[in-house]
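In: quick check, what structure comes out for this input:
(one chain, ligands or ions: 1)
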Amino acid sequence: MLYIDEIFGPTLQGEGKYAGKVSIFIRFAKCNMTCSGFGVPYDGDKQGCDSFHAVDTIYKNFWQKFDKAGVVISKLENLSKSCDVVVTGGEPLLYWDDKQFQKMLKYFVRKKRRITIETNGTIDIKLDKKWQKNIVFSIGLKLFNSGEPKHKRLNTKALNNIISYTKNVYLKFVIDNAKANEIIKEILAIQSLFANTDIYLMPLGHDAKNVELHSYITAQLAIKYGYNYSDRTHIRLWNNERKR
Ligand code: SF4
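Out: All right, here's what the predicted structure looks like:
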C-alpha cells in the first residue's frame with residue numbers, strides 16, 4: 001500500500017541539481033527519522049523538518065492510500081505529460097519493495113521522463129534492474145544538526161550501493177549559519193568516503209527570511225570547498241506553502 005501525503009504541480013523544483021526545472025511532485029508519507037533538530041515548529045510545541053505533515057503520524061488521516069500504481073500515474077499524468085517527476089517525502093524509499101512503487105518508477109523511466117527520488121539515503125535498497133540505473137537519486141544526507149544519532153542517519157552500505165549502481169546521484173547538505181564549522185567538518189569526512197560524488201550545499205530555512213539568513217555562509221562554503229550551491233527557490237517564492 002502506498003501512503004501519499006500530496007501530489008502536486010507543475011511547479012518549480014526549488015533545490016538540488018535540477019533547481020529551476022518545471023516538475024510535478026509526489027510526496028510519500030512516513031519517514032524513518034523525525035529531524036527535530038531542524039526546529040520547524042508545528043502542532044503546538046513540536047519541532048521537526050519542513051515536511052512534518054508527511055512525517056508525523058498525527059497527520060495520517062490526511063494521507064491518501066493507493067494500492068494501484070495506475071491510479072497514481074494517472075494523477076501525475078493529469079498534471080503534466082512532459083515535465084520532470086520528483087518523488088519525495090517523508091522517506092520514499094520505505095516503499096522501494098512495493099510492486100506498485102516499482103511499477104510507477106518504471107513507467108516514467110520507460111517514458112523517458114526524468115524522475116528524481118529525494119531520499120535521506122539510509123535505506124539499503126535492492127538495485128538489480130537495468131532501468132533503475134536511470135533514476136536520479138538526490139540524497140539529502142542528515143548531519144548532527146538534524147538531531148538524529150549518527151548510526152541512524154549515515155548508512156555507508158546503503159549509500160555505496162546507490163552510488164555504485166546508478167548513473168546520476170548527488171549528495172545534498174543543509175547549512176546552518178550558527179553551526180557551519182562543525183557541519184563542514186562532518187561534510188568533509190563524508191566526502192572522503194564518497195569521492196567523485198557531486199555535493200550541493202543549501203541553506204537551512206522553512207521560510208524566505210531564514211533561507212536568506214543562512215544563504216550567505218552556504219555560498220561562502222560552496223566556493224571555498226568547491227561544492228555546488230543550491231538555493232531553495234520554492235521557499236524564497238512561496239515560503240513553506242503546501243503544494244509548492
Ligand atoms: S529525513 Fe527528511 S523527511 Fe524525514 S524527518 Fe528528516 S528532513 Fe524530514
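
In: alpha carbons only for contacts and neighbour counts from here, please
Out: OK.

In: could you see whether the ligand lies near the longest strand seen in the chain?
Out: Assignment by DSSP state E gives strand 2-12 as the longest strand of the chain. No - Strand 2-12 lies out of reach of the ligand by C-alpha under 6 Å from any ligand atom, never closer than 11.6 Å.

In: hey, C-alpha coordinates of that strand in CSV?
Out: These are the backbone C-alpha positions of strand 2-12, laid out as CSV (Å, rounded to 0.1, in the frame of the first residue of the first chain):
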residue,chain,number,x,y,z
LEU,A,2,1.3,3.4,-0.9
TYR,A,3,0.6,6.3,1.6
ILE,A,4,0.8,9.6,-0.1
ASP,A,5,0.8,13.0,1.6
GLU,A,6,0.4,15.1,-1.6
ILE,A,7,0.6,15.1,-5.4
PHE,A,8,1.0,18.5,-6.9
GLY,A,9,2.4,20.6,-9.7
PRO,A,10,3.5,21.6,-12.2
THR,A,11,5.7,23.9,-10.2
LEU,A,12,9.5,24.6,-9.9
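
In: given that strand, what are its sheet partners and their directions?
Out: strand 22-28 (antiparallel), strand 64-66 (antiparallel) (DSSP bridges).

In: residues near residue 66, how many?
Out: 14 (other C-alpha atoms under 10 Å).

In: let me have the strands paired with strand 2-12 in CSV, adding distance to residue 46 and mean pLDDT as columns.
Out: Output for these, formatted as CSV (distance: least, C-alpha to C-alpha, whole Å; pLDDT from 0 to 100):
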stretch, distance to residue 46, mean pLDDT
strand 22-28, 21, 98
strand 64-66, 23, 97
